[in-house]
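K.L.:
Model the structure of this input:
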Amino acid sequence: MIRSHVLICGGTGCTSGGSQIIGEKLQKEIDRLGLTDEIKIVRTGCFGLCANGPVMIVYPEGTFYSHVKVEDVTDIAEEHLLKGRVVERLVYKEAEGLKLEDVPALGETNFYKTQLRVALRNCGVIDPENIEEYIAMDGYQALGKVLTEMTPQEVIDVMKKSGLRGRGGAGFPTGMKWQFAAGNVADQKYVVCNADEGDPGAFMDRSVLEGDPHAVLEAMAIAGYAIGASKGYIYVRAEYPIAVHRLEVAIGQAREYGLLGEDIFGTGFNFDVDVRLGAGAFVCGEETALLTSIEGNRGEPRNKPPFPANKGLFGKPTIINNVETLANIPQIIMKGADWFASMGTEDSKGTKVFALGGAINNTGLVEIPLGTTLRHIIYDIGGGFPNGRKFKA
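P.N.:
Residues are numbered from 1 along each chain as shown. Below you'll find the predicted structure:
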């Protein structure tokens, strides 16, 4: 019987710091100590606190270990997993000298307590390569709901009412984009996920794909139902191997479970997704250049109009949403447009994922309501600047 789970960050940052090797050694130590049937290691997506990686959480205690090295693994196994003694020197502490009994729960730390995780809700929580863990977190319920209880127009109306805007930069209303594509009659339509995240220092979309790929697949299927599409493509950079691998695993699992492919949920709705790899050209982040690349040509932007919703991939009506935009959609369907619209500001609803990088104490991945001040993000969540330096604007 499993009595303890060890969640090890498997995002790009921690993996580059050795988390894969740490996990492998920890499994060997668990086996050596005869704890194989009692302790389960789960490799998750990004926890967010990248500055402190590699990181892991031991449940049921919820002990958060940071800056873990390979040489620390034996102590964790022998002291914590076998004897139940927390390895205090590895425990994450926001302030130096803090006593173990005064360390707050992870969700109550300054880094996490004001975050509101929607797009990142499963990152660092589930095994992204296990569809059953996603299903256990209400995964694919939103798809089942729209296919059995809602018309395509009702789905679009929910998106409009929610106020969700594109998270890729332009901020175009998602529901309006879907409405344009739905109104065009064609023998084929497409849903495209823009995962060509090329901005320097940005790792928001990549982290979602690494930590919760099924959320993106579910959202694409919902979008396909709404506009009348049966085919989707995810355009992702080949230089993101972890994201690509987990997407391919997730697509295979979704097909095996009948959640992609033909006659989904026995409703007669068909939808499938394929991955297309980009070579890293910055211009392919622009939607028409991206479509040209998927078609097998040099990624060059096209003149607009016509817009992709009218004439997009292979000359057919196409909607293009980025990863973070799509990751919000299953939750909007399940919790309602009013729930999503209650977050953020009057004109910008919901949350936004940010990558904190550079000369800041708590570099990492955060998700906060739109309208949050830059000061709060940098000082309260990010912990300010090293050596007490002041912000210059």
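K.L.:
going forward, measure contacts and count neighbours with C-alpha atoms only.
P.N.:
OK.
K.L.:
other SSEs contacting the lengthiest strand in the chain?
P.N.:
Ranked by residue count, the top strand of the chain under DSSP state E comes out as strand 269-278. Judged by 3 or more C-alpha pairs under 8 Å, 6 or more residues apart in numbering; DSSP states H and E, strand 269-278 is in contact with helix 213-227, strand 231-237, helix 241-256, strand 261-264.
K.L.:
Out of the ones you listed, which is the most enclosed?
P.N.:
Each of these was scored by mean neighbour count; the highest is helix 213-227, a mean of 27, by mean count of other C-alpha atoms under 10 Å.
K.L.:
quick one, that one and strand 269-278 angle?
P.N.:
120 degrees (axes from the mean of the first three to the mean of the last three C-alpha atoms, to 10 degrees).
K.L.:
per-domain residue ranges of this protein.
P.N.:
Per the record, the chain has its domains at 4-108, 131-341, by automatic domain parsing.
K.L.:
Dump the ones you listed to a markdown table, plus mean pLDDT and distance to residue 350.
P.N.:
Formatted as a markdown table, the domains of the chain follow (pLDDT from 0 to 100; distance: least, C-alpha to C-alpha, whole Å):
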| stretch | mean pLDDT | distance to residue 350 |
| --- | --- | --- |
| domain 4-108 | 95 | 19 |
| domain 131-341 | 94 | 6 |
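K.L.:
okay, those, which one's buried deepest?
P.N.:
The highest mean neighbour count among the domains of the chain, using mean count of other C-alpha under 10 Å, belongs to domain 131-341: a mean of 20.
K.L.:
Quote the end-to-end distance of it.
P.N.:
29 Å (C-alpha to C-alpha, to the nearest Å).
K.L.:
next one: stretch 265-283
P.N.:
By C-alpha to C-alpha, the extent of stretch 265-283 from end to end equals 38 Å.
K.L.:
and the longest strand of the chain with strand 231-237, angle?
P.N.:
20 degrees.
K.L.:
ok, residues contacting the next helix or strand after strand 269-278?
P.N.:
Following strand 269-278 in sequence order, the next helix or strand is helix 287-294 (DSSP states H and E). Helix 287-294 has contacts (C-alpha atoms under 8 Å, 6 or more residues apart in numbering) with 194, 235, 276, 278, 283-284, 298-302, 308, 312-313, 320.
K.L.:
Tell me the spacing between residue 344 and residue 338.
P.N.:
12 Å.
K.L.:
whoops, residue 122 was the one
P.N.:
22 Å.
K.L.:
With residue 171 instead?
P.N.:
Look at residue 171 and residue 338: by C-alpha to C-alpha, they are 19 Å apart.
K.L.:
Also residue 255?
P.N.:
32 Å.
K.L.:
What of residue 188?
P.N.:
Plainly put, residue 188 is 32 Å away from residue 338 if you go by C-alpha to C-alpha.
K.L.:
The spatially most central residue of the chain in helix, strand or coil?
P.N.:
Central residue of the chain (C-alpha atoms, centre = their mean): residue 208, 1.8 Å from the mean position. Following DSSP: H, G, I helix; E, B strand; the rest coil, the label given to residue 208 is helix.
K.L.:
re earlier: for residue 357, which of the domains of the chain is the nearest?
P.N.:
Each of those has some distance to residue 357 by C-alpha to C-alpha; the shortest is domain 131-341, at 6.6 Å.
K.L.:
what about the nearest residue to residue 56 once chain neighbours are set aside, which helix or strand?
P.N.:
Spatial nearest neighbour of residue 56, chain neighbours left out: residue 8 (4.4 Å); criterion: C-alpha to C-alpha, 6 or more residues apart in numbering. Using DSSP H and E, residue 8 maps to strand 4-9.
K.L.:
Now that strand - C-alpha only, PDB.
P.N.:
Presented in PDB, the C-alpha positions along strand 4-9 are these (Å, rounded to 0.1, in the frame of the first residue of the first chain):
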ATOM      1  CA  SER A   4       3.800   8.400   0.600                       C
ATOM      2  CA  HIS A   5       4.200  10.200  -2.800                       C
ATOM      3  CA  VAL A   6       7.300  12.100  -3.800                       C
ATOM      4  CA  LEU A   7       6.600  14.700  -6.500                       C
ATOM      5  CA  ILE A   8       9.700  15.700  -8.400                       C
ATOM      6  CA  CYS A   9       9.700  18.600 -10.800                       C
END
